[in-house]
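Colleague: I need the structure of the sequence given here:
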Amino acid sequence: MTTAAQLDIAQELINRYGQKEVMESLARMSGYDVVPPTIMEFMTDPYYLGESLVDDEGKLSIYPIWQDALKKIYPNQFYSPYKEVIFTGSIGQGKTTIAKIGCVYDACKLLCLKEPHSYLGVGKAKKMVFAFVNATLDLGKNVLLDEIENWFSASPFFREMMATAPRNCQFPKNIDITAGSRGTHVLGADVVSALLSELNFQDKVANQAYDNYTNAKRRIQSRFLGAYKRTGSYPGRLWLDSSKKDSASFLDSHIENAYKDPMTIVFDYPIWEVHKHKGIYSGKTFQVYVGSKARDPFIVTHKGQVGNDTGNVIDVPIEYEIDFQQDPFNALRDLAGKGTWSSHTFITSHTKIAQALSIVNPVSIDVVQLDFQNEDRIIDSLLLDQIKPDARPRFIHIDIGLKHDKTGIACTRLDGFAEVKRFNSLTGKYDTTRDPLFKTEWVLAIEPTPGNEVPIYKIKNFMIDLKNNGVPIALVSTDGYQSTNLRQDLILVQFNAELISVDRTKDPYETMKNSLLEGRWTCANHPILEKELQELVDMGKKIDHPKNGSKDLADSCAGSIYAAYHGIAKHGANFNVGDFLEVMDQFEEPSTIYDKIAGGAMRNSMWEG
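Modeller: Residues are numbered from 1 along each chain as shown. As a prediction, this is how the structure comes out:
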């Protein structure tokens, strides 16, 4: 390894004696068997990664903005001023691929050293490891190592190295690579470089992101501090990559201090900066206020709207205007690469919620109380004269709460299809899809009288009463809690009944959220439901409610919409097909809807949650 001062002298010698001679001498002085490639040679030369990274026309597949980034990290093949490199910002940039290239380049240079252990001052008996870490071990292996192993297979340099490796190592000279998700996966190894990928989402166990970062940083610095003091450069780096999440996530918080460290470099770009070389943007922009602790983000429409907080305003290509109109929070995070203050809130726009809950709920009371003593029937709470069922199938989801929680029941139908335009940042064009419209006709909240439980048999009777009153129920779905007997009883009286859990997978809630934000869901207004939707929290693995909150009606709506989205194909054949098609004809091409209903062949792997 070579100091920055020596490199200044080397440049003078190159000017005087020529590149080849000086580089060979510098390589020998630095302990190399051969002159290691520059970062651009490493990516373009077929001997290294050129076979994988250069296309048939001889063009490097790495975006220009990342080529410049790597050249900044590695001003030459003997020296890098950085010990920590951070790639963050928007989605769809190729951040992880660039970090992998850098990490593998560090491995290449280490393999070019004649005696790497001796030169770096570490014991020969210990492996020097390049670690690739993700949220789970499978992600570490399948997402991170798979592509790297393909690079190795196509590279003569790495094939030659692997051919002489001992049985317990990927490479000779006791140098290895490994994948993991926890610091314990590399215990006892000398970590040269570590790639911590999607660090904001390493949350499968408590403090996973923090523990992985501090463990890797400690190992790199403790093992190779001596080499740094001698040469002014670490042999490897700590590579961190992640899309933005929110202002409280690990990497977003870490970056605030990282900018103060001269040995840390941060690359933080919006999607349009990364793709601007493609020529897909018109040059027209609009302004967006990115938000603060006190104010939600919004599209700026006139002067004075943001007051003195002009530093929180960004210019966005006009091509993304629809995305920011529909969901400014997610657009800021995913496209602009801005971590938002409110992104733990699952549905960030209260305006969109109010617009969705736009129809009158045909119920006589907001919360129905039931017990075992009275002979009351739930259907008496519905204003049947306001419900005019047609042949379109209804999908009812029941979220059962016996004592402390409410039981939520929602009834949804497919209400047609709408064309939805979404900008494709890779092609620079809008993609148009036909997505379903949903209408949740009514929402019921049920609770037991004090000291009692909800009588489940009354819910079964309610379903029978609905059918007897002409409601074409395609499916009754329930969650997993205390619902098995209810489903079995409903099946015995000729209902289709399924388990749909809104807690085991986030898909039902994501389906509801996308439909809401894109204006494809209208719902009966219920004061409890509106509050629940506003307070939903994205906990990573599931959508939940805050402490002392609830989500019983929100669960029933999410399950009902999800059932409607997937259920026509599965259960449509159980209806009067002629009547159903006559109503649905106007909404979708007959050939596709006929096939779905007649065959009922389409199945969804997530159906059972």
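
Colleague: And the helix or strand hosting Val476, what does it pack against?
Modeller: Using DSSP states H and E, Val476 sits in strand 473-478. Strand 473-478 is packed against strand 394-399, helix 456-468, helix 484-492, strand 497-499, helix 552-571, with contacts defined by 3 or more CB pairs under 8 Å, 6 or more residues apart in numbering; DSSP states H and E. From N, CA and C alone the C-beta is placed, and that goes for glycine too.

Colleague: what's the second one packed up against?
Modeller: In terms of contacts (3+ CB pairs under 8 Å, 6+ apart), helix 456-468 is packed against strand 394-399, strand 407-424, strand 473-478, helix 484-492.

Colleague: What's the mean pLDDT across that helix?
Modeller: Here helix 456-468 scores 94 as its mean pLDDT.

Colleague: Now do the buried residues in that helix.
Modeller: 456, 458-467 (16 or more other CB atoms under 10 Å).

Colleague: What is the most widely separated pair among the residues you listed?
Modeller: Of all pairs drawn from the buried residues of helix 456-468, the widest gap by CB to CB lies between Ile456 and Lys467 and measures 17.6 Å.

Colleague: Spell out which residues make up each domain of this protein.
Modeller: Following automatic domain parsing, one gets these domains for the chain: 4-269, 281-336, 358-526+555-599.

Colleague: Can you show me the strands along the stretch 51-200 of the chain?
Modeller: 84-89, 128-133, 175-180, 190-197 (DSSP state E, counting those that start in this stretch).

Colleague: could the ones you listed go into JSON lines alongside distance to Asn330 and mean pLDDT?
Modeller: Shown next, in JSON lines, are the strands of the stretch 51-200 of the chain (distance: least, CB to CB, whole Å; pLDDT from 0 to 100):
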{"stretch": "strand 84-89", "distance to Asn330": "14", "mean pLDDT": "92"}
{"stretch": "strand 128-133", "distance to Asn330": "26", "mean pLDDT": "89"}
{"stretch": "strand 175-180", "distance to Asn330": "30", "mean pLDDT": "87"}
{"stretch": "strand 190-197", "distance to Asn330": "21", "mean pLDDT": "89"}
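
Colleague: In this protein, where's the longest strand?
Modeller: Ranked by residue count, the top strand of the chain under DSSP state E comes out as strand 429-448.

Colleague: contact partners of stretch 102-109?
Modeller: With CB atoms under 8 Å, 6 or more residues apart in numbering as the contact definition, stretch 102-109 has outside contacts at 36-37, 39, 42, 48-49, 70, 73-74, 77, 85, 130, 132, 148, 151, 157-158, 171, 175, 177, 192-195, 235-237, 239.

Colleague: Any idea how far it is from the middle of the chain?
Modeller: 28 Å (CA atoms, centre = their mean, to the nearest Å).

Colleague: just the CA coordinates of that stretch, formatted as PDB?
Modeller: Output in PDB follows, covering the C-alpha atoms of stretch 102-109 (Å, rounded to 0.1, in the frame of the first residue of the first chain):
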ATOM      1  CA  GLY A 102     -16.100  -2.000  -4.900                       C
ATOM      2  CA  CYS A 103     -15.900  -4.900  -2.400                       C
ATOM      3  CA  VAL A 104     -14.800  -7.400  -5.000                       C
ATOM      4  CA  TYR A 105     -12.200  -4.800  -6.300                       C
ATOM      5  CA  ASP A 106     -10.700  -4.700  -2.800                       C
ATOM      6  CA  ALA A 107     -10.500  -8.500  -2.900                       C
ATOM      7  CA  CYS A 108      -8.700  -8.400  -6.300                       C
ATOM      8  CA  LYS A 109      -6.100  -6.000  -5.000                       C
END
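
Colleague: average model confidence for it?
Modeller: 95.

Colleague: between the buried residues of helix 456-468, which is nearest Leu492?
Modeller: Once CB to CB is applied, the member of the buried residues of helix 456-468 that ends up nearest Leu492 is Lys460, at 9.5 Å.

Colleague: leaving aside the residues next to it on the chain, what's closest to that closest one?
Modeller: In this structure, Lys460 finds its nearest non-sequential neighbour in Asp489, 5.1 Å apart by CB to CB, 6 or more residues apart in numbering.

Colleague: Identify the residues contacting Val129.
Modeller: So Val129 contacts 175-178, 186, 189-192 (CB under 8 Å, 6+ apart).

Colleague: again with Asn168
Modeller: Asp176.

Colleague: rerun at 6 Å
Modeller: Asn168 is in contact with no residue at all, counting by CB atoms under 6 Å, 6 or more residues apart in numbering.

Colleague: Could you do the one 4 residues further on as well?
Modeller: With contacts taken as CB under 6 Å, 6+ apart, Pro172 has the following neighbours: 164-165.

Colleague: The stretch 1-150 of the chain: helices as residue ranges?
Modeller: 4-17, 19-29, 39-44, 50-53, 64-73, 95-112, 116-120, 137-139, 146-154 (DSSP state H, counting those that start in this stretch).

Colleague: Tabulate these in JSON lines, adding columns for mean neighbour count.
Modeller: Output for the helices of the stretch 1-150 of the chain, formatted as JSON lines (neighbours: other CB atoms under 10 Å):
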{"stretch": "helix 4-17", "mean neighbour count": "13"}
{"stretch": "helix 19-29", "mean neighbour count": "15"}
{"stretch": "helix 39-44", "mean neighbour count": "20"}
{"stretch": "helix 50-53", "mean neighbour count": "18"}
{"stretch": "helix 64-73", "mean neighbour count": "16"}
{"stretch": "helix 95-112", "mean neighbour count": "22"}
{"stretch": "helix 116-120", "mean neighbour count": "19"}
{"stretch": "helix 137-139", "mean neighbour count": "15"}
{"stretch": "helix 146-154", "mean neighbour count": "16"}
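
Colleague: which one of these lies closest to Thr433?
Modeller: Among the helices of the stretch 1-150 of the chain, if distance is taken as CB to CB, the winner is helix 95-112, at 27.0 Å.

Colleague: and that closest one with strand 84-89, angle?
Modeller: 160 degrees (axes from the mean of the first three to the mean of the last three CA atoms, to 10 degrees).

Colleague: quick one: low-confidence ranges for the stretch 251-400 of the chain?
Modeller: Filtered on pLDDT under 70, the stretch 251-400 of the chain yields the residue ranges 293-294, 339-344.

Colleague: where along it do the strands fall?
Modeller: Going by DSSP E, counting those that start in this stretch, the stretch 251-400 of the chain shows strands at 264-269, 285-289, 298-299, 313-317, 367-370, 394-399.

Colleague: want to throw the ones you listed into JSON lines with mean neighbour count and distance to Asn142?
Modeller: JSON lines is the format used below for the strands of the stretch 251-400 of the chain (neighbours: other CB atoms under 10 Å; distance: least, CB to CB, whole Å):
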{"stretch": "strand 264-269", "mean neighbour count": "19", "distance to Asn142": "25"}
{"stretch": "strand 285-289", "mean neighbour count": "18", "distance to Asn142": "36"}
{"stretch": "strand 298-299", "mean neighbour count": "16", "distance to Asn142": "39"}
{"stretch": "strand 313-317", "mean neighbour count": "17", "distance to Asn142": "34"}
{"stretch": "strand 367-370", "mean neighbour count": "18", "distance to Asn142": "48"}
{"stretch": "strand 394-399", "mean neighbour count": "28", "distance to Asn142": "34"}
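
Colleague: and those strands as TSV, adding distance to Leu499?
Modeller: Formatted as TSV, these follow (distance: least, CB to CB, whole Å):
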stretch	distance to Leu499
strand 264-269	43
strand 285-289	42
strand 298-299	41
strand 313-317	43
strand 367-370	23
strand 394-399	11
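
Colleague: Give the full set of residues in contact with Gly567.
Modeller: 395, 474-475.

Colleague: let's see 8 Å
Modeller: 393, 395, 474-475.

Colleague: Now for Val35: which residues touch it?
Modeller: So Val35 contacts 23-24, 26-27, 77, 112 (CB under 8 Å, 6+ apart).

Colleague: which one of those is nearest Thr522?
Modeller: Using CB to CB, the contacts of Val35 come closest to Thr522 at Gln77, 61.7 Å.

Colleague: what about the closest one, how many neighbours?
Modeller: 24 (other CB atoms under 10 Å).

Colleague: okay but it is in contact with Tyr32, surely?
Modeller: No. Counting by CB atoms under 8 Å, Gln77 sits too far from Tyr32 to count as a contact (9.2 Å).
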